[in-house]
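1. Give me a model of this one.
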Amino acid sequence: MPTRRLLLSLSLGAFLAAPAWAQEALKIEQPWARATATSAKNGAAYVRLVNGGPAVDRLLAASSPVAARAELHTHLNEDGVMKMRQVAAVELPPGATVAFGPSGLHIMLFGLTGPLKQGTTFPLTLTFEKAGSRTVTVTVEGAGARGPSQGG
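-> Alright, predicted model coming up:
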């Protein structure tokens, strides 16, 4: 019987530790956004997600106090016309890096509370299926930026 208790304890410990392990295995790198015009109602944020763990995770949602709502989006080429579409989730395979950037995956910020000004920062919370919610600081780059200047 002691062996059975030991196995049960080890199994329970591994199960309870899984969320912390998943959170440590996931890295959010280079959070950035482009500056917006004073009158802009919407903006976008970009990140690079690295899944260093052995299990699939999924980005399910995003939120920020600088916007009324945030959505996960991608750009698609439909009959030669680029269109932006919301996606329900972004899969993060084990060992994969998924980059968000202009003309690709991005986080749309709808109903901005004010313009995103170059040189400022704002919090962005990303919610993952396994790693839970993680908040990062987004740096606002110039309006025409193609990537983060500091490397995140």
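2. Residue 55 and residue 128 touch, don't they?
-> No - applying Cβ atoms under 8 Å as the test, residue 55 and residue 128 come out as separate, 11.3 Å apart. The way it works is simple: take the backbone N, C-alpha and C, and place the C-beta from them, glycine included.
3. These two: which has the busier surroundings?
-> More neighbours surround residue 128 than the other of residue 55 and residue 128, with 22 against 14 (other Cβ atoms under 10 Å).
4. Which residue, other than its chain neighbours, is closest to that one?
-> residue 57 (5.2 Å; Cβ to Cβ, 6 or more residues apart in numbering).
5. ok, that neighbour - contacts?
-> Residue 57 makes contact with 22, 26, 51, 92, 128-131, according to Cβ atoms under 8 Å, 6 or more residues apart in numbering.
6. Tell me which two of these sit farthest apart.
-> Of all pairs drawn from the contacts of residue 57, the one with the longest distance (Cβ to Cβ) is 51 and 129, at 11.4 Å.
7. Which one's more surrounded, these two?
-> For residue 51 against residue 129, the residue with the higher neighbour count under other Cβ under 10 Å is residue 51, and the figures read 24 against 15.
8. What distance do you get for the more buried one to residue 87?
-> In this view, residue 51 and residue 87 are 17 Å apart by Cβ to Cβ, to the nearest Å.
9. So what pairs up with residue 138 in the strands?
-> Beta-bridge pairing of residue 138 under DSSP bridges involves residue 122.
10. dump the residue contacts of it.
-> Counting by Cβ under 8 Å, 6+ apart, residue 138 touches 31-33, 45, 64, 121-124.
11. Spatially central residue for this protein, please.
-> Nearest to the mean C-alpha position of the chain, counting by Cα atoms, centre = their mean, stands residue 126 at 4.9 Å.
12. What residues are bridge-paired with that one?
-> The residues listed as beta-bridge partners of residue 126 by DSSP bridges are residue 62, residue 134.
13. Surely it and residue 134 touch.
-> Yes - applying Cβ under 8 Å, one finds residue 126 in contact with residue 134, separated by 5.4 Å.
14. tell me, what's touching those two both at once?
-> By Cβ under 8 Å, 6+ apart, residue 126 and residue 134 have these common neighbours: residue 28.
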